[in-house]
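Enquirer: Using only what follows, build the 3D model:
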Amino acid sequence: MRIIQAVEAVLLLAASTTAYRTKQAENQTLPVVDLGYELYRAASFNETGQFYNFSNIRYSAKPVRFGLPKDLETDRSSIRDGSDRRVCPQSGPAWIFIGQAWLNSLVMGTPCKGCFTPYIPPGANWNLPLADPDPREMEDCLFLDVFVPEKVLKAAGTDQGAAVLVYFPGGGYTWGRKEWNPAGLLAASGRQNLNDSDIIYISANYRLGAMGFSSGPTFQSEGGIPNLGLIDQRFALEWVQKYVHLFGGDKDRVTIFGESSGGGSILHQITAYGGKKGPVPFRRAVPQSAGFLPRTSPLQQEKTYQLLLQITNTSSLSELRNVSEKDFIKANSLVVGYNTTYGDFIYSPVVDGDFTPKLPGELLAQGAFDKSVEVLYSLVEHEGDFFAAPYMNSSEMVRSSIASLFPYMDQSLIDHAMTMFYPPIFNGSYGYTSEWERAALMIGDLAITCNGKYLSQGLANKTYSYFFAQPPSYHGIDNLYTYYDGGAVSSTDVSMVMNRTVAITIQQLITSFAKNGVPTAEGVSQFRTYGADAQVLRLSSGRGFQEVRDGSSDARCAWWQNIRYS
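Expert: Below you'll find the model as predicted:
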């Protein structure tokens, strides 16, 4: 099995499409939208949901390797039908196999074979096993999909236009595909008793791994541009501003959302350029479990870049640009798959002095961002469990785990955190009863949980926030709920049957927020903003939907927000 397949099984859990019948494009009766630079015919029509799918629309001309997205080229010689399917090259770290097996064992109550042997990355080696990539994976992958209700498309240009949801997929900044089925979200929008009951849904690819997040002093001195994946996202958002009205959308009511690294990307979009380039090209944001490692060390970035050069047997960026596409995609998989320590993905956004002038937490604290953005933030109950190695059973192993993620950080800071904020007290008073749970809490705080607190505090606590506590509430499981399509869905990987009520509630919260800035749903009697008392809406079928106080620690988060990671 290719590494990425295991990743998708536990974190992405792509929603089923079997419950919906579609009419394919070959009948030539589907509508065509003229974008000026190209003509696109809908790829299919969902007869159950009454919406069209315009697939694989190019939002950038083919960029050169490590180059910026490019202005679109005009080609009106034919009508495109979405059959040219593209996926940005995917990769995932080998330790994910252990994490998947460990969480499965916890849910199912069975022993976990191989989970308690310390993981050692195999290292750079061209001969390590890798399955052939999906034939759709290619560097020329900057495409997006548009799903639009039939009546919205028919009304294009005649009224205000529908609210727009733009999705950036998660996956550790090394994998993620736009190919999710939004039928449930569109249906949830249509069920709501609001003046405008429909939305347009858009999902976009962006470059990943070495293609989208290479960085480091040598890379930049040779003309490389860090954070290209984030710049791709921004380019897609500018496309939405320019073209969504042609599908019946309102460019002034764009909401971006995404989970895990998709949510972490949203934090970077909110704080892009330190707020110095004016309003962002969206009005609202729904970051779900927004995650990234605050990677600020130039030495750490340099090490990763040199590893890529080593694997490709090159010595410069110009030589790296001339490596064949097949070998470059393979090298990316080798770097990510076999050279990452447990809990890491090796690539992520970095502080670059431009798009990301400082860490988002710093920029939010300083007010250096567009403060007009409206936010609905979400977390799950066990954010860090997947990223903490199950074999950790001592303070030294926990310390070594954090140190491996930040090898150039002042190690005394880790010691201080473990003494003051995560002490070796296992009676549950600090939120853990074992060394593994202690590590999971630390990693969850610094990489995911505290990002929500930074965002709420930066926006004067005027955000909305919900807390997903439906078992098994591990990082990424809620994405299945977001994309629930109305059918019977279960997953043997997590021994779980999804709760339909919770799924529809999440979908209604997201879509109502996209339309009017206030999240509402059936069965939710009250949903206040975060406020001074840190109120969040807890979602759990067992205990009902109720407001509770945010359980994340102000003191711990303030610590992670203000320390230096390099």
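
Enquirer: Tell me how many other residues surround E137.
Expert: Around E137 sit 19 other residues, with neighbours defined as other Cβ atoms under 10 Å. Bear in mind the C-beta positions are built from the backbone N, C-alpha and C, glycine included.

Enquirer: ok, what's across the strand from it?
Expert: For E137, the beta-bridge partners are V87 (DSSP bridges).

Enquirer: Which positions in stretch 459-468 come out as buried?
Expert: 459, 461, 463-468 (16 or more other Cβ atoms under 10 Å).

Enquirer: What distance separates the opening and closing residues of it?
Expert: Start to finish, the residues bounding stretch 459-468 are 22 Å apart (Cα to Cα, to the nearest Å).

Enquirer: Wasn't L185 part of a helix?
Expert: Yes - inclusion of L185 in a helix is indicated when DSSP: H, G, I helix; E, B strand; the rest coil is applied.

Enquirer: roughly how far apart are it and A236?
Expert: When Cβ to Cβ, to the nearest Å is the yardstick, L185 and A236 sit 18 Å from each other.

Enquirer: Equivalent analysis for A204, please.
Expert: Computed as Cβ to Cβ, the A204 to A236 distance reads 4 Å.

Enquirer: Touching both of those two, which residues are there?
Expert: Common contacts of A204 and A236 (Cβ atoms under 8 Å, 6 or more residues apart in numbering): 59, 142, 144, 166.

Enquirer: and the longest strand belonging to the chain, what's its mean pLDDT?
Expert: With DSSP state E applied, the strand covering the greatest number of residues in the chain is identified as strand 249-259. Taken as a whole, strand 249-259 carries a mean pLDDT of 98.

Enquirer: what does stretch 82-100 give?
Expert: Within the predicted structure, the mean pLDDT of stretch 82-100 is 94.

Enquirer: What's the separation between N427 and G99?
Expert: N427 is 27 Å from G99, where distance means Cβ to Cβ.

Enquirer: Of the buried residues of stretch 459-468, which is the nearest to S261?
Expert: Using Cβ to Cβ, F468 is the member of the buried residues of stretch 459-468 that lies nearest S261, at 17.4 Å.

Enquirer: and the closest one, what does it touch?
Expert: For F468, the contact set (Cβ under 8 Å, 6+ apart) comprises 378-381, 477-478, 481, 502, 506, 539.

Enquirer: and D145, what element?
Expert: For D145, the enclosing helix or strand under DSSP states H and E is strand 143-149.

Enquirer: scratch that, A558
Expert: Taking DSSP H and E as the definition, one finds A558 inside helix 554-562.

Enquirer: buried residues in that helix?
Expert: Buried residues in helix 554-562, defined by neighbour count with 16+ other Cβ under 10 Å: 556-561.

Enquirer: Could you report the neighbour count for E325?
Expert: As a burial measure, E325 scores 13 neighbours (other Cβ under 10 Å).

Enquirer: my bad, should have said G384
Expert: Residue crowding around G384 was assessed by other Cβ under 10 Å; the count is 23.

Enquirer: wouldn't it be in contact with D445 here?
Expert: Yes - the pair formed by G384 and D445 meets the contact definition of Cβ atoms under 8 Å, at 7.3 Å.

Enquirer: what's the nearest residue to S316 if we skip its chain neighbours?
Expert: Among residues not flanking S316 along the chain, E222 sits closest, at 6.1 Å (Cβ to Cβ, 6 or more residues apart in numbering).

Enquirer: Which pLDDT does the model give the one you found?
Expert: Among the per-residue scores, E222 holds a pLDDT of 97.

Enquirer: for it, what are its contacts?
Expert: Listed by Cβ under 8 Å, 6+ apart, the contact set of E222 reads 316-318.

Enquirer: Could you do V323 as well?
Expert: The neighbours of V323, taking Cβ under 8 Å, 6+ apart as the test, are 312, 314, 331.

Enquirer: Which one (most neighbours) among those residues?
Expert: Among those, the one with the most neighbours (other Cβ under 10 Å) is A331, at 25 neighbours.

Enquirer: residues in contact with that residue?
Expert: Shown here is A331, whose contacts under the criterion Cβ under 8 Å, 6+ apart are 210, 308, 311-312, 323.

Enquirer: element containing it, please.
Expert: helix 325-338.

Enquirer: my guess is G531 contacts N461, does it?
Expert: Yes - counting by Cβ under 8 Å, G531 touches N461, with 5.3 Å between them.

Enquirer: isn't there a strand covering L537?
Expert: Yes - counting by three-state DSSP, L537 is located in a strand.

Enquirer: burial measure for it, as a count.
Expert: Around L537 there are 23 other residues, counting by other Cβ under 10 Å.

Enquirer: ok, it - contacts?
Expert: For L537, the contacting residues are 464-467, 524, 527, 545-547, taking Cβ under 8 Å, 6+ apart as the criterion.

Enquirer: what's the pLDDT at it?
Expert: Per-residue confidence for L537 comes out at a pLDDT of 97.

Enquirer: do the same with V497
Expert: Residue-level confidence at V497 comes out at 71, pLDDT.

Enquirer: And Y464, by the same measure?
Expert: Here, the pLDDT recorded for Y464 equals 98.

Enquirer: picking that back up, and the shared contacts of A204 and A236, which two are furthest apart?
Expert: Between all members of the shared contacts of A204 and A236, the farthest pair (by Cβ to Cβ) comes out as L142 and V166, at 14.2 Å.

Enquirer: now the strands for the stretch 101-250 of the chain?
Expert: Taking DSSP state E, counting those that start in this stretch, the strands of the stretch 101-250 of the chain run over residues 143-149, 162-167, 199-204, 249-259.

Enquirer: burial measure for the residue lying closest to S395 once chain neighbours are set aside, as a count.
Expert: Excluding the flanking residues, the one nearest S395 by Cβ to Cβ, 6+ apart is P424, at 5.6 Å. For P424, the count of nearby residues is 13 (other Cβ under 10 Å).

Enquirer: do P129 as well
Expert: Counted by other Cβ under 10 Å, the residues lying close to P129 total 9.

Enquirer: residue contacts, the closest residue to A503 other than its chain neighbours?
Expert: Beyond its immediate neighbours in the sequence, the residue positioned closest to A503 (Cβ to Cβ, 6+ apart) is Y484, lying 3.6 Å away. Neighbour list for Y484: 15, 184, 498, 500, 503-504, 507 [criterion: Cβ under 8 Å, 6+ apart].

Enquirer: And Y484, how far from G176?
Expert: In this structure, Y484 and G176 are separated by 19 Å, where distance is defined by Cβ to Cβ.

Enquirer: and if you look at N125?
Expert: The separation that N125 has from G176, given Cβ to Cβ, amounts to 26 Å.

Enquirer: So for the two, which sits in the more crowded spot?
Expert: When neighbours are counted by other Cβ under 10 Å, N125 and G176 differ, and G176 comes out ahead with 30 against 10.
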